[in-house]
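J.: next comes the sequence, and after it the predicted model I'd like to discuss.
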Amino acid sequence: MKPLKNSSIKLNCDLGESFGAWQMGLDAQVMPLIDQANVACGFHAGDPTVLVNTLNLAKQHQVQIGAHPSYDDKQGFGRRSVKMNADELKHLLWYQIAAVDGVAKSLGLELSYIKPHGALYNDMMASPALLDTVMQAVASYHKPLKLMLLATASATEHKQLAKGYQLELLFEAFADRRYKNDGSLTPRSQAGSVLDHQSALAQVQQLLQNGTVQSDTGDSVVIQADTLCVHGDNPQAVALVQSIRQLLGSR
């Protein structure tokens, strides 16, 4: 498969989500293919040894490190919303970010961005007040970090909000998810919300060539993305990542 000309977009993947003897994902297979690793912080998945192993794997393959914090919901894998006030959420984020940051520093790595996980990510994109709190938390951490969030029709407003905090954003698209006309993702409960291999690859090609994706109504939606989320939790997902990597060219 010939690489496309517009291949500046990065690949990111959620990793480090195993726990003890329980294995989640094919981290060793996907890590060499991606540019950015969103590393679980222990509150939805992961443990100290998994964290160290994941960071060492990222170091081996020269992959950029991001912290992947969530609500305190290990039993629900961070997919359940938790009501918190602004200070509680800020402290929860600092705690998780600091864990990954500290271990990374001990291994000679630098943490560079934050990508909230699961329900926290979805809630943040649906609630301007919650997004503002997350931006405050990341911006007030002791060193500059970027915040990754979904690229939607509200990107201009999000940039303006982040500018007030002197916070740099990374806008994210999804390879294997169907979009709505406003640039949000169709709910997983809806038929056709998750794309098969060929449909996902076609969506990535369209995004790289035209800067658009096809929505669930068949319309073209403009998506200005810096990074593309891929998954590596099964052999079929890894095969898709391999195909997308070919489209983008070598790292």
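T.: Noted; the coordinates are in hand. In this text the structure is predicted, and so the values were computed from the model without any measurement.

J.: who does the host helix or strand of Met148 touch, helix- and strand-wise?
T.: Secondary structure assignment for Met148, by DSSP states H and E: strand 146-150. If contacts are counted by 3 or more C-beta pairs under 8 Å, 6 or more residues apart in numbering; DSSP states H and E, strand 146-150 sits against strand 111-114, helix 118-126, helix 128-139, strand 169-174. All C-beta spots, glycine's among them, are computed from the backbone N, C-alpha and C.

J.: what segments of the chain are strands?
T.: For the chain, the strands defined by DSSP state E occupy 10-15, 36-40, 64-68, 111-114, 146-150, 169-174, 212-214, 220-222, 227-230.

J.: centre of the chain to the second one, how far?
T.: A distance of 7 Å separates the centroid of the chain from that of strand 36-40, by C-alpha atoms, centre = their mean, to the nearest Å.

J.: elements contacting it?
T.: strand 10-15, helix 48-60, strand 64-68.

J.: quick one: closest of these to Ser140.
T.: Closest approach to Ser140 among the helices and strands packed on strand 36-40 (C-beta to C-beta): strand 64-68, 14.8 Å.

J.: what is the mean pLDDT for that closest one?
T.: The average pLDDT within strand 64-68 is 98.

J.: dump the C-alpha coordinates for it into PDB.
T.: Extracted in PDB, the C-alpha atoms of strand 64-68 (Å, rounded to 0.1, in the frame of the first residue of the first chain):
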ATOM      1  CA  GLN A  64       5.800   9.700  22.700                       C
ATOM      2  CA  ILE A  65       4.200   9.300  26.200                       C
ATOM      3  CA  GLY A  66       0.800  10.600  27.300                       C
ATOM      4  CA  ALA A  67      -1.000  10.000  30.600                       C
ATOM      5  CA  HIS A  68      -4.500   8.400  30.200                       C
END
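
J.: residues touching it, excluding its own?
T.: 10, 12, 14, 16, 35-41, 55, 58, 96-97, 99-101, 104, 109-117, 148 (C-beta atoms under 8 Å, 6 or more residues apart in numbering).

J.: just the helices in the stretch 151-251 of the chain please.
T.: Under the criterion DSSP state H, counting those that start in this stretch, the stretch 151-251 of the chain carries helices at the ranges 155-164, 197-210, 235-248.

J.: distance to Asp87, mean pLDDT and mean neighbour count for the ones you listed - can I get that in TSV?
T.: Shown next, in TSV, are these (distance: least, C-beta to C-beta, whole Å; pLDDT from 0 to 100; neighbours: other C-beta atoms under 10 Å):
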stretch	distance to Asp87	mean pLDDT	mean neighbour count
helix 155-164	19	96	14
helix 197-210	38	94	17
helix 235-248	37	93	18
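
J.: contacting residues for Asn122?
T.: No contacts exist for Asn122 under C-beta under 8 Å, 6+ apart.

J.: how much space separates it from Ala151?
T.: 15 Å (C-beta to C-beta, to the nearest Å).

J.: and Leu55, by the same measure?
T.: Leu55 is 27 Å from Ala151, by C-beta to C-beta.

J.: how far away is the residue nearest in space to the middle of the chain from Asn181?
T.: For the chain, the residue nearest the mean C-alpha position is Lys115 (5.2 Å; C-alpha atoms, centre = their mean). With distances taken as C-beta to C-beta, Lys115 is found 24 Å from Asn181.

J.: over to Asp73?
T.: Counting by C-beta to C-beta, the gap from Asp73 to Asn181 is 31 Å.

J.: likewise for Met84?
T.: 31 Å.

J.: go on, Ala202?
T.: Taking C-beta to C-beta, one finds Ala202 at 19 Å from Asn181.

J.: rewinding a little: how much does the strand holding Met148 deviate in direction from helix 155-164?
T.: With axes from the mean of the first three to the mean of the last three C-alpha atoms, to 10 degrees applied, the angle from strand 146-150 to helix 155-164 works out at 160 degrees.
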